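Undergrad: Any chance you could fold what I've pasted below:
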Amino acid sequence: MPEGDTVWHTATLLHDALAGRVLTGCDIRVPRFAAVDLTGETVDEVISRGKHLFVRAGSASIRAHLKMEGSWRVTRGAVRTDHRVRIVLRAGEVSAVGVDLGELEVLDRSRDTDAVAHLGPDLLGADWDAQVACANLIAAPERGLAETLLDQRVLAGIGNVYANELCFLSGHLPSAPVADVAQPLRLMRRAREMLWANRARWARCTTGNTRHGERLWVYGRAGLPCRRCGTVIRSDSATTRITFWCPNCQR
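TA: Okay, the predicted model is just below:
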């Protein structure tokens with residue numbers, strides 16, 4: 001599931017593959033931007049901002065959001081495409097292919113950050129400020145903790161996996177009000193530490209144990225014993241976001 005760490009890692013790989021290279025092909029398969037052709041432009045950089053990714057080339061900026069299923073892959077040589085492909089950027093023998101992207105648009109590079117101006121501090125960005133994120137978090141004290149963590153206007157980069165894991169580590173139910181968190185600044189710093197530790201790998205780990213099946217505390221573990229106390233992990237899919245928790249460790 002793409003979250004801020006996945007997007008950061010993806011942007012880094014795309015930057016390493018494309019930055020400084022001239023585009024020799026540009027195929028955008030979104031009706032509104034199908035006529036846009038950046039062939040001949042030099043890719044200056046690929047960056048992430050929260051869950052958004054920007055490919056900056058010439059005076060244009062391609063903004064993509066992976067949503068739930070999106071991904072990018074870098075290939076060499078022939079490119080195999082299907083109906084899921086939304087964009088193909090070629091730079092000589094290197095191709096960057098965007099698949100199942102939830103959002104894709106071409107912006108004026110001079111104003112591309114307007115599209116993400118509403119976001120809170122980026123957990124993996126130069127603008128990260130734990131104090132600002134904390135102030136955003138506690139601004140609505142009666143709001144549910146998981147819901148607030150998922151609000152990109154509060155802080156940018158957290159998805160459902162991290163929201164559930166942070167609730168567990170804080171000892172609170174996902175539905176608990178933010179006001180119950182005694183040390184919100186500590187929680188914001190922990191969120192940063194978790195994403196930072198995972199930014200350069202695909203297999204996300206919050207437990208410190210990177211072995212398969214041992215990487216997460218509660219997310220995706222409904223019906224299995226809690227790693228701390230042995231109590232069966234519970235889940236709830238009644239809302240738009242499924243939640244997981246330990247009834248003993250989280251109150």
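Undergrad: Which strands or helices does the one helix or strand Ala191 maps to pack on?
TA: Using DSSP states H and E, Ala191 maps to helix 184-198. Where contact means 3 or more C-beta pairs under 8 Å, 6 or more residues apart in numbering; DSSP states H and E, helix 184-198 is packed against helix 4-18, helix 130-137, helix 160-170. To be clear about C-beta, it is placed using only N, CA and C from the backbone, and glycine gets the same treatment.
Undergrad: winner for burial among these?
TA: With neighbours defined as mean count of other C-beta atoms under 10 Å, the helices and strands packed on helix 184-198 peak in mean count at helix 160-170, which reaches a mean of 23.
Undergrad: Just the angle for that one relative to helix 184-198, thanks.
TA: On the basis of axes from the mean of the first three to the mean of the last three C-alpha atoms, to 10 degrees, helix 160-170 is oriented at 130 degrees to helix 184-198.
Undergrad: picking up where we left off before, so what's the model's average confidence on the helix holding Ala191?
TA: Taken as a whole, helix 184-198 has a mean pLDDT of 97.
Undergrad: what do you get for stretch 56-75?
TA: 96.
Undergrad: Let me know how buried the closest residue to Gly171 other than its chain neighbours is, in neighbour terms.
TA: Closest residue to Gly171 apart from its sequence neighbours, by C-beta to C-beta, 6 or more residues apart in numbering: Gln250 at 5.9 Å. By the criterion of other C-beta atoms under 10 Å, Gln250 has 21 neighbours.
Undergrad: before we move on, what about Met194?
TA: 21.
Undergrad: one step back: which residues sit against the helix holding Ala191?
TA: The contact list for helix 184-198, computed with C-beta atoms under 8 Å, 6 or more residues apart in numbering, reads 3-5, 8, 123-124, 128, 130-131, 133-134, 137-138, 149, 155, 157-158, 162, 165-166, 169-170, 178, 181, 204-206.
Undergrad: Report the angle between that helix and helix 4-18.
TA: 40 degrees.
Undergrad: Can you name the next helix or strand after helix 184-198?
TA: strand 234-236.
Undergrad: State the mean pLDDT of that next one.
TA: The average pLDDT within strand 234-236 is 96.
Undergrad: Stretch 124-139 now?
TA: Per-residue pLDDT over stretch 124-139 has a mean of 98.
Undergrad: ok now do Gly40, which residues does it touch?
TA: Gly40 is in contact with 22-23, counting by C-beta under 8 Å, 6+ apart.
Undergrad: hmm, try it at 10 Å
TA: 22-24, 26, 57-58 (C-beta atoms under 10 Å, 6 or more residues apart in numbering).
Undergrad: and if you look at Gly157?
TA: By C-beta under 10 Å, 6+ apart, the contact set of Gly157 is 3-8, 48-51, 119-125, 128, 191-192, 195, 199.
Undergrad: before we move on, what about Glu105?
TA: Each residue near Glu105 by C-beta under 10 Å, 6+ apart is listed here: 28, 30, 32-33, 36, 61-65, 112, 115.
Undergrad: Going by distance to Thr239, which of those residues wins?
TA: The closest of these to Thr239 turns out to be His65 (C-beta to C-beta; 21.4 Å).
Undergrad: And the spatially closest residue to Thr24 that is not a sequence neighbour, what's its pLDDT?
TA: In space, and not counting its chain neighbours, Thr24 is closest to Arg90: 5.0 Å by C-beta to C-beta, 6+ apart. For Arg90, the model assigns a pLDDT of 97.
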